[in-house]
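**Q** have a look; sequence and predicted model below, questions after that.
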Amino acid sequence: MKYFLISDNTDTLAGMALVGVPGVVVHRPEEVEAALQKACGDPEIGIVLLTDKLSQSCRETVLRYKLGCSRPLLVTMPDRHSGDDAAGDIKRYISEAVGIRI
């Protein structure tokens, strides 16, 4: 099972690429739709990571894929552009996902 990142900025894509997660940078809703179609069409992709702001800006598209596709799992993740407490959100996300406190 592989991960795939759909991001709205190159910083997050570069960081995830360092740990072996491929992905794309998109900005428009039709680009998000195309990236989700690509990810859903690849049987090896099990988890799609979406940045927080991108998921919020394309809420209807993301919700349609979450409800309509049994695979891959769509997960919204914070990045440094997420909000006021982005660092806290990222630490909490890592803590929940990995099980260690940072």
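**A** Perfect, thanks for sending it.

**Q** helix, strand or coil for Arg80?
**A** Classification of Arg80 using DSSP: H, G, I helix; E, B strand; the rest coil returns coil.

**Q** quick check: pLDDT value at it.
**A** Note for Arg80: predicted pLDDT of 71.

**Q** surely it touches Asp11?
**A** Yes: Arg80 is in contact with Asp11 according to CB atoms under 8 Å; the separation is 6.6 Å. The way it works is simple: take the backbone N, C-alpha and C, and place the C-beta from them, glycine included.

**Q** okay, and Asp11 sits in which element?
**A** Assigned by DSSP states H and E, Asp11 falls within helix 10-18.

**Q** pLDDT on that helix, on average?
**A** Mean predicted confidence for helix 10-18 is 89.

**Q** so which bits of that helix are buried?
**A** Applying a neighbour-count criterion of 16 or more other CB atoms under 10 Å, one finds 12-13, 16 buried in helix 10-18.

**Q** repeat for stretch 23-42
**A** Within stretch 23-42, judged by 16+ other CB under 10 Å, the buried ones are 23, 25-26, 31-33, 35-36, 39-40.

**Q** which parts of this protein are strands?
**A** Along the chain, counting by DSSP state E, strands occupy 2-7, 23-25, 45-51, 73-77.
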